[in-house]
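Novice: Quick one: sequence and predicted model below, then my questions.
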Amino acid sequence: MQSSTQSNRCQHDYVEVYDGPLHSSPLLGKICAGSLHTFTSSSNLMTVRFHSDSRYTFRGFQAHYSSIPADHNTTLLCLPDYMRAVVSKDYLQSQGYSVQSVTMSNSHCRPTVTSQEVIFNVPYNGCGTVREENNDTINYSNIIKATSSGYIIKRKKDLHLHISCKMLQNTWMQIMYVAEDIADVNENQFGRYDVNITFYDSASFSQPLYDFPYYIDLNQNLFLQAYLHSADKDLVLFVDTCVASPDPHDFNTLAYDIIKSGCVRDSSFATFYSPYSHLARFKFNAFEFINRHTSVYLKCELDVCRLRDYSSRCYQGCISRSKRDTSSAQEKVDVLVGPIQLREGGAESRSTGNVK
């Protein structure tokens, strides 16, 4: 990324560039005015934050960005239920290690070996994975080892490949590095939690409905369940906002708020008891807004937090927009559901689980 030159004396408008998510990543630079400056992130995520004192108006800032190919010797992918670590066979052999020497501390966790790669699927709740918490992340870590040949005389140290998935709100930070005498290899990636929303036929939430569009009657109760796909059950899901719109690409121009920043805007909205923290159940009634449009879509924003972390967003309830703007930024999962259509006379009831 390129932008104006960096300065420590920014008195008016300025731009901050972070190496990853806001508030949890190092500041790469603070930019005011002047010549071009280049920043390089350590992952596929960079945050650009603009500050303005609203006193003067000038031409503003301009930025250009491009992507750089990652190192393909080692890669790490943090999936909902496990870490997927891939090591190149050519890389191992070039460092003097055999494929057969690559193991984990738990001997039952064996890799899949292809013609080009050694692949470990490491569960978050197994294979010796360690779970640690700090103020704003949940860290899952493990070690893949490659031993050098020879039992009495070893001419090369063992290779330790440290893998770590770090969860910040709903964002995974993925890290892979090699320790000891091997050149450090760092793989940083960011992804999102897998969350879906499904309609159900009643408040018992026993029968999901999957066909689409979802044909309904005016004032009919709509029952929805949000589900967080994660092997870690010490997480909680919170429905922050749900907005309806006839346009699945625009939830601002013509929209109807059902719940906004945890504040109920439609009197028919209600939540239900959930037997699991990674499930959120709620309902509302079909409303006149649906009657005026051919199809209506829902866009819901959900928060993912640590269970029983009562300082987190999931336990704060209704927060006004003005108060919320003064707090730290919240990472969210956006889920789109729809379309919902009014049933015509004689049409059979249908439903949707169409989630994007």
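Specialist: Good, I have the coordinates. Values in this document were obtained by computation on a predicted structure and should not be read as measured data.

Novice: what sits up against stretch 119-135?
Specialist: 81-87, 104-106, 108-109, 111-113, 138-142, 144, 163, 165, 230-232, 306 (Cβ atoms under 8 Å, 6 or more residues apart in numbering). Using the backbone N, CA and C atoms, a C-beta is placed for each residue, glycine as well.

Novice: which residue ranges form the strands in the stretch 1-150 of the chain?
Specialist: Secondary structure of the stretch 1-150 of the chain (DSSP state E, counting those that start in this stretch): strands at 2-6, 14-18, 27-38, 47-51, 74-78, 82-88, 102-104, 112-113, 117-123, 130-133, 138-146.

Novice: Between these, which one is closest to Leu279.
Specialist: strand 138-146 (18.8 Å; Cβ to Cβ).

Novice: circling back: of all the strands of the stretch 1-150 of the chain, which lies closest to Pro248?
Specialist: strand 47-51 (26.6 Å).

Novice: so what secondary structure elements neighbour that closest one?
Specialist: Contact partners of strand 47-51 among helices and strands, from 3 or more Cβ pairs under 8 Å, 6 or more residues apart in numbering; DSSP states H and E: strand 14-18.

Novice: who does the strand it packs on pair up with?
Specialist: strand 27-38 (antiparallel), strand 47-51 (antiparallel) (DSSP bridges).

Novice: would you turn those into CSV with mean neighbour count?
Specialist: What follows is those, written out as CSV (neighbours: other Cβ atoms under 10 Å):
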stretch, mean neighbour count
strand 27-38, 15
strand 47-51, 14
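
Novice: Mean pLDDT lowest where, among the ones you listed?
Specialist: Of all the strands paired with strand 14-18, mean pLDDT reaches its minimum on strand 27-38 (a mean of 78).

Novice: what's the spacing between that strand and its chain's center?
Specialist: 28 Å (Cα atoms, centre = their mean, to the nearest Å).

Novice: next one: stretch 253-266
Specialist: Using Cα atoms, centre = their mean, the mean C-alpha position of stretch 253-266 is found 23 Å from that of the whole chain.

Novice: Over to stretch 81-95?
Specialist: 24 Å.

Novice: got a list of contacts for it?
Specialist: Under Cβ under 8 Å, 6+ apart, the answer for stretch 81-95 is 72-78, 98-99, 102, 113, 115-124, 129, 140, 142, 144, 146, 159, 161, 163, 165, 174, 176, 182, 229-231.
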